[in-house]
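Engineer: Sequence and predicted model, in that order:
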Amino acid sequence: TGIAGIGRMGAAIAERLLKHGHRVSVWNRTAAKAQALAQHGASVAASPAALAAASDIVLSILTDAAAIEAAYDAADGLLSGDIRGKLFVEMSTVRPETERALAGRIRARGAAMIDCPVGGTTGPARDGKLLGFVGGDAADLERARAVLEILCRRIEHVGPVGAGASLKLAINLPLLVYWQAVGEALALCRPLGLDPERLVSIFADTSGGPNVLKTRGGMLADAMRGKPPAGTTFNIDSIRKDMATMIEEARALGYDELPVTMRALECFDAASRKGLGDDDAVMLPMNWLQSGHP
């Protein structure tokens, strides 16, 4: 199995596959990130073309459409060699039209592609508890299933290529908006002086408490005490990129605006301008509480 893109998620996915005995080759634009996985048993490809040549199945999890184009279409890109018969599993969070266009280029070269963006961050990736949303042919999904079942607790085949991307944007939207909503909600009860863990527990037990409070409530409580997370799983700038993609896709579908999403993005843009762009998502409510305004 090859993996193109060794950011936080790509690295976690590689570690999971290596742990389960898969032979894994990796490539990343910043070579040092790929080299860090060599100590876990991964082989490091010198180029995307070399990665594709060494792998029957290639997973790609890249930042955005521009990064996909660079990795796939460069002179030494994933599509530059003989890729006939290979399967590409594109896992980036991008617009569905990006996935459909890429699948067309891949088919033209005699290979196949499914898109399978995932729900979850690095912890679920290492534990094999991601949610996989697949767009593509059923037969191609079956070829990828042995790999995806190691990574995902649930795999949903939701339509043709691009359908996975659509659903990923949809399921992420309420989650990302929630980080702003919870900051505003905490502002209303801040004068009570309740213990942060108790307060998070109350929120999590209400009808409006999302699953993220069950998995990351402790991190939020720590942040409320002034203790930032030791590591970042999903940073603010990545959230901003995804929300901008959601807004762009909505406009392409004929909606003039996503008013709640657009307002939340303005708040997150303000947090990034303060230098918080690489901070974890749990710091977004704290930014609101500390500033009192976006």
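Structural biologist: The structure has been received and is ready for your questions.

Engineer: first vs last residue of stretch 130-144, how far apart are they?
Structural biologist: For stretch 130-144, the first-to-last residue distance is 15 Å (CA to CA, to the nearest Å).

Engineer: can you list contacts of it?
Structural biologist: 57, 87, 89, 96, 99, 103, 112-120, 124, 148, 151-168, 171 (CB atoms under 8 Å, 6 or more residues apart in numbering). Bear in mind the C-beta positions are built from the backbone N, C-alpha and C, glycine included.

Engineer: now it, how far from the chain's geometric center?
Structural biologist: 17 Å (CA atoms, centre = their mean, to the nearest Å).

Engineer: Let's test this: mean pLDDT of that stretch, rounded?
Structural biologist: Averaged across stretch 130-144, pLDDT comes to 98.

Engineer: Just the ones in helices from the contacts of stretch 130-144, please.
Structural biologist: 96, 99, 103, 124, 148, 151, 163-168, 171 (DSSP state H).

Engineer: Weed out the non-buried ones from those residues.
Structural biologist: Buried by 16 or more other CB atoms under 10 Å: Pro96, Glu99, Ala103, Pro124, Leu148, Leu151, Ala163, Gly164, Ala165, Ser166, Leu167, Lys168, out of the ones in helices among the contacts of stretch 130-144.

Engineer: and the first one, what does it touch?
Structural biologist: The neighbours of Pro96, taking CB under 8 Å, 6+ apart as the test, are Asp115, Gly135, Gly162, Ala163, Ala165, Ser166, Glu249.

Engineer: again, 7 Å this time
Structural biologist: Contacts here follow CB atoms under 7 Å, 6 or more residues apart in numbering; on that basis Pro96 touches Gly162, Ala165, Ser166.

Engineer: could you say which helix or strand contains Leu51?
Structural biologist: For Leu51, the host element (DSSP states H and E) is helix 48-54.

Engineer: between the ones in helices among the contacts of stretch 130-144, which is closest to Val24?
Structural biologist: Leu151 (12.1 Å; CB to CB).

Engineer: pLDDT-wise, what's the bottom of the buried ones among the ones in helices among the contacts of stretch 130-144?
Structural biologist: For these, the least confident entry is Pro124, with 93.
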